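Enquirer: model the following, please.
(chains A and B)
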Amino acid sequence: SQQGEEDPQALSIQEGENATMNCSYKTSINNLQWYRQNSGRGLVHLILIRSNEREKHSGRLRVTLDTSKKSSSLLITASRAADTASYFCATDGRPTPGGSYIPTFGRGTSLIVHP
Amino acid sequence: DGGITQSPKYLFRKEGQNVTLSCEQNLNHDAMYWYRQDPGQGLRLIYYSQIVNDFQKGDIAEGYSVSREKKESFPLTVTSAQKNPTAFYLCASSNGHPGLAEGRNTQYFGPGTRLTVL
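Expert: Got it, this is the predicted structure:
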C-alpha cells in the first residue's frame, strides 16, 4: 500500500510564525487527509482534500494539493504554542470489499512552537 | 477523542502473558481499526473490521487477535506470540458510507493504550 511521506521530520518555530509541512505520495489518490496528534494521545482529523480540489481552508489551516506533483502541503498561519503536535498526512491505502479505503499514514512532522 | 474510548491508558505485562486492550465507540460506526505506533513512526494497521462478526488482518497481524461481537466493541488481544509488543496502540472507527462530505474513510481515534512488557 502506498504511503504519504511528510517533510520535514521536525520543525521548530516561534509563536506567531507560519508553519508549513509537506506530504508526498506515490500513486493516484481519491483524497488526502491531514491529522494531528498531541503527545501521547490519539489522532484528530483536521481536514480532507479531494483529488479534484486544489486548496482548502479551515480556520488557520490551509491545505493545498498538487496531483501532478503528487504532493500536498499544510500551512498553519499565526502559530500558537498549542499547535505543538505531530502532523500526519494520510492517503488512500488498503482497499476494502465495501469500496472504501483504509488510510495509510506517513511518519509525521513533529512541530514545536515556542512561546 | 470523538466518542471512542480505550482502556486502560497504561498497561504493563510480563513476558509470556496475554493481555486484552479494550476499544468502545458510540458513534454508530460500522468500521473499526487497530493500529500500532512505535516512537517516531507512522501508524501500522494490525486488524480491521468492516462489520460485526467479520474482521481482516492488517499489515502486522501476527501475535494479535481480535473479535467483533458487537458493533460498539472491538477488543484487541496481544498474545505471547507477539515478540515485541511494547508500543502505543490506537483504536479508530469510521463511518465508511459513500457520499459523506468528510469522506467515507475519515477515521476517529481513541486516546490510545500504552503497553509495556516488563
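
Enquirer: neighbours around the residue lying closest to residue A:53 once chain neighbours are set aside, how many?
Expert: The shortest distance from residue A:53 to any residue that is not its chain neighbour, by Cβ to Cβ, 6 or more residues apart in numbering or on different chains, is 6.3 Å, and that residue is residue A:65. Heads up, the C-betas are built off the backbone N, CA and C, glycines and all. As a burial measure, the neighbour count of residue A:65 was computed by other Cβ atoms under 10 Å in any protein chain shown and equals 21.

Enquirer: quickly find the element holding residue A:65.
Expert: strand A:61-66 (DSSP states H and E).

Enquirer: give me the sheet partners of that strand and which way each runs.
Expert: The strands that strand A:61-66 pairs with in its sheet are strand A:55-58 (antiparallel), strand A:71-76 (antiparallel) (by DSSP bridges).

Enquirer: now residue A:43: how far from residue A:59?
Expert: Using Cβ to Cβ, to the nearest Å, one obtains 18 Å as the distance from residue A:43 to residue A:59.

Enquirer: these two: who's more crowded?
Expert: When neighbours are counted by other Cβ under 10 Å, residue A:43 comes out ahead of the other of residue A:43 and residue A:59, with 31 against 9.

Enquirer: quickly list what the more buried one is bridged to.
Expert: Under the criterion used (DSSP bridges), residue A:43 bridges to residue A:37.

Enquirer: closest residue of chain B to chain A?
Expert: At 3.4 Å from chain A, residue B:109 is the closest residue in chain B, using Cβ to the nearest Cβ.

Enquirer: nearest residue to that residue other than its sequence neighbours?
Expert: Leaving aside its chain neighbours, residue B:109 sits nearest to residue A:42 (3.4 Å; criterion: Cβ to Cβ, 6+ apart).
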